[in-house]
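[1] With the input below, show me the fold.
(2 chains)
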2 protein chains.
Amino acid sequence: MTVDILRGKRYPVAMAKGSDSKEKTLAAAARLFCRRGYHGTALQDILAAGGAPRGSLYFHFPGGKEEIAEGAVSLGDQAVRGFIRQVADTSRGAEAFVAGLARGMAANLEASDFHEGCPIATTALEIAADSDAISKATRDAFAAWEREISLALTRFGINARQAASAATAVLSQLEGALLLARTYRNLDPMRRAEDALRLLVRPDRGRQGR
Amino acid sequence: MTVDILRGKRYPVAMAKGSDSKEKTLAAAARLFCRRGYHGTALQDILAAGGAPRGSLYFHFPGGKEEIAEGAVSLGDQAVRGFIRQVADTSRGAEAFVAGLARGMAANLEASDFHEGCPIATTALEIAADSDAISKATRDAFAAWEREISLALTRFGINARQAASAATAVLSQLEGALLLARTYRNLDPMRRAEDALRLLVRPDRGRQGR
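    This is a model prediction of the structure:
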């Protein structure tokens, strides 16, 4: 999967072009869940968008829509993880890193005409009470992103314990800003998130919290 | 509407006890949308939870589910606005204020057994692309919360322009933390959000951004 988020061309999930009907179905589902949520997406929509015959859907996903959602969340998870790693690898310090995260996500949101924010947030909110399997998949994804962010912050000189705390706050700030920016249909919340994140990880400031 | 969020007893939206069937229906809908989202809530569920006869539903809401959702978002809006004002009125400074927001929301999430986070976030994410009316209601609500937060920060000595920027970041941080805390089913993200928010509004730190 190519992660092109930094150049702001496409959302990473949308970049997932499967070579077979299973992967195509998952990519289509991931995109629809990202835009309209789990309950707002019918199996019919997934079939239409993915171009797979109905028979193959039942063959690949005997667990039905729930199993498709698990796979779609996992696809979003991998895309965002790859994005975080890419930003970490091309940043020279903690401030540049968190600014790169905010900018990449902003570019990506804008490129989708404000339709595609976090690939899994909508599903996570809708499904928390309903499906253990999907709930676990969203939990694992967020936790993995926190670990990636924490790892990068550590690499940029922040000690491990502080990095873990900061990583949670960084992810919260980005998720909330994506929610607001998508709702407002403008990028101001992403810019303000970037400022707040720089402050949070600045060496003379961010490490003196409790 | 009583806002009891600070004592962590109930979610503010759940406290909305209408005196007539219209208000009862809206309160039930607000709660269901908060827990399961717009698409995951059927009219039938709203009727069952609100105890209103089907006839009264069509009488009060000729616009159907979309009109109910608009009213439910407005109810959530008022509850959160009242909560923000209450915390502002009982806080002695910017740090205590943002900590109070994070703690009140955390208590509230926990009291609902992690079912009820932000009353409008799920709907906002699901509906951004689909309904202009609901989309506008969620946009207006978030913007109103930002203004309330900004107003309070100004009162605590932060200048107006910085307060507006900080307010967006404060709301993003809280919304994202609610999403993570609800998904993880633990309050760590709320505690870490509190630390990050204190840092953001601390006089010697938060006002030196760009």
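
[2] Please make it C-alpha for all contacts and neighbour counts, starting now.
    Fine.

[3] So, low pLDDT: which residues of chain A?
    Applying pLDDT under 70 to chain A picks out residues A:1-19, A:204-210.

[4] list the helices and strands the helix or strand containing A:Thr123 packs on?
    Using DSSP states H and E, A:Thr123 sits within helix A:121-127. If you count contacts as 3 or more C-alpha pairs under 8 Å, 6 or more residues apart in numbering or on different chains; DSSP states H and E, helix A:121-127 packs onto helix A:21-36, helix A:132-155, helix B:21-36, helix B:121-127, helix B:160-184.

[5] ok, and for stretch A:154-172, which residues are buried?
    Neighbour counts using 16 or more other C-alpha atoms under 10 Å in any protein chain shown place A:154, A:156, A:158, A:162-172 of stretch A:154-172 among the buried residues.

[6] that older thread, so which of the helices and strands packed on helix A:121-127 gets nearest A:Ser74?
    Using C-alpha to C-alpha as the measure, helix A:132-155 is the one of the helices and strands packed on helix A:121-127 that comes nearest A:Ser74, at 6.8 Å.

[7] how about that closest one: buried residues?
    Within helix A:132-155, the residues that count as buried by 16+ other C-alpha under 10 Å are A:134-154.

[8] Next, the angle from that helix to helix B:160-184.
    130 degrees (axes from the mean of the first three to the mean of the last three C-alpha atoms, to 10 degrees).

[9] centre of the chain versus helix A:132-155, how much separation?
    Distance of helix A:132-155 from its chain centroid, counting by C-alpha atoms, centre = their mean, to the nearest Å, is 10 Å.

[10] go on, stretch A:130-140?
    Centroid separation between stretch A:130-140 and its chain, computed with C-alpha atoms, centre = their mean, is 15 Å.

[11] Stretch A:177-184 too?
    On C-alpha atoms, centre = their mean, the centre of stretch A:177-184 falls 14 Å from the chain's centre.

[12] Can you show me the CA trace of that stretch as CSV?
    The C-alpha coordinates for stretch A:177-184 follow below in CSV (Å, rounded to 0.1, in the frame of the first residue of the first chain):
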residue,chain,number,x,y,z
ALA,A,177,-9.0,18.4,15.2
LEU,A,178,-9.9,16.1,12.4
LEU,A,179,-13.4,15.8,13.8
LEU,A,180,-13.8,19.6,14.0
ALA,A,181,-12.1,20.4,10.7
ARG,A,182,-14.3,17.9,8.9
THR,A,183,-17.4,19.3,10.5
TYR,A,184,-16.4,22.9,9.8
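
[13] can you list contacts of it?
    A:105-106, A:109, A:114-118, A:187-190, A:193, B:121, B:124-125, B:128, B:135, B:138-139, B:142, B:169, B:172-173, B:176 (C-alpha atoms under 8 Å, 6 or more residues apart in numbering or on different chains).

[14] Swap in 7 Å and give it another go.
    A:114-115, A:117-118, A:187-190, A:193, B:124-125, B:128, B:139, B:172 (C-alpha atoms under 7 Å, 6 or more residues apart in numbering or on different chains).

[15] So A:Ala196 is in contact with B:Thr168, correct?
    No: with contacts counted by C-alpha atoms under 7 Å, A:Ala196 stays clear of B:Thr168, the gap being 9.7 Å.

[16] picking that back up, near chain B, which of the buried residues of helix A:132-155 show up?
    When contact is defined as C-alpha under 7 Å from any C-alpha of the partner chain, the buried residues of helix A:132-155 meet chain B at A:Arg139.

[17] okay, among the buried residues of stretch A:154-172, which ones form the most distant pair?
    It's A:Phe156 and A:Ser172 that sit farthest apart of the buried residues of stretch A:154-172, by C-alpha to C-alpha, at 20.0 Å.

[18] List, one by one, the residues from chain A near chain B.
    Residues of chain A that fall close to chain B, judged by C-alpha under 7 Å from any C-alpha: A:35-37, A:39-40, A:115, A:122, A:124-129, A:139, A:165, A:168-169, A:172-173, A:175-177, A:179, A:183-184, A:189, A:192-193, A:195-196, A:199-200, A:205, A:209.

[19] filter these to the buried ones?
    Buried members of the residues of chain A next to chain B, counted by 16+ other C-alpha under 10 Å: A:35-37, A:39-40, A:115, A:122, A:124-129, A:139, A:165, A:168-169, A:172-173, A:175-177, A:179, A:183-184, A:189, A:192-193, A:195-196, A:199-200, A:205.

[20] I'd like to know how far the nearest residue to A:Asp77 once chain neighbours are set aside sits from A:Pro119.
    Leaving aside its chain neighbours, A:Asp77 sits nearest to A:Ala141 (5.2 Å; criterion: C-alpha to C-alpha, 6 or more residues apart in numbering or on different chains). A:Ala141 sits 10 Å away from A:Pro119, going by C-alpha to C-alpha, to the nearest Å.

[21] Same question for A:Gly51.
    A:Gly51 is 21 Å from A:Pro119, by C-alpha to C-alpha.

[22] cool, A:Ala129 as well?
    A:Ala129 is 19 Å from A:Pro119, by C-alpha to C-alpha.

[23] what number of residues lie near A:Gly64?
    For A:Gly64, the neighbour count with other C-alpha atoms under 10 Å in any protein chain shown is 13.

[24] cool, A:Ser112 as well?
    Number of residues near A:Ser112 (other C-alpha under 10 Å) recorded here: 16.

[25] now do A:Leu47
    Applying other C-alpha under 10 Å, we find 18 residues neighbouring A:Leu47.

[26] helix/strand/coil for it?
    Using DSSP: H, G, I helix; E, B strand; the rest coil, the structure places A:Leu47 in helix.

[27] residue contacts, it?
    Contacts for A:Leu47 (C-alpha under 7 Å, 6+ apart) come out as A:Pro53, A:Arg54.

[28] phi, psi of A:Arg92?
    phi -100, psi 0 (degrees, to the nearest 10).

[29] Can you tell me the closest non-neighbouring residue to it?
    Nearest residue to A:Arg92 in three dimensions, chain neighbours excluded: A:Phe156, at 7.8 Å (C-alpha to C-alpha, 6+ apart).

[30] A:Ala94 is in contact with the one you found, correct?
    Yes: counting by C-alpha under 7 Å, A:Phe156 does reach A:Ala94; the two are 5.5 Å apart.

[31] which parts of stretch A:94-114 are buried?
    In stretch A:94-114, counting by 16+ other C-alpha under 10 Å, buried: A:94-112, A:114.

[32] still on that earlier bit, just send the helices and strands packed on helix A:121-127 back as CSV, with distance to B:Leu57 too.
    Listed next are the helices and strands packed on helix A:121-127 as CSV, based on distance: least, C-alpha to C-alpha, whole Å:
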stretch, distance to B:Leu57
helix A:21-36, 26
helix A:132-155, 33
helix B:21-36, 8
helix B:121-127, 20
helix B:160-184, 31
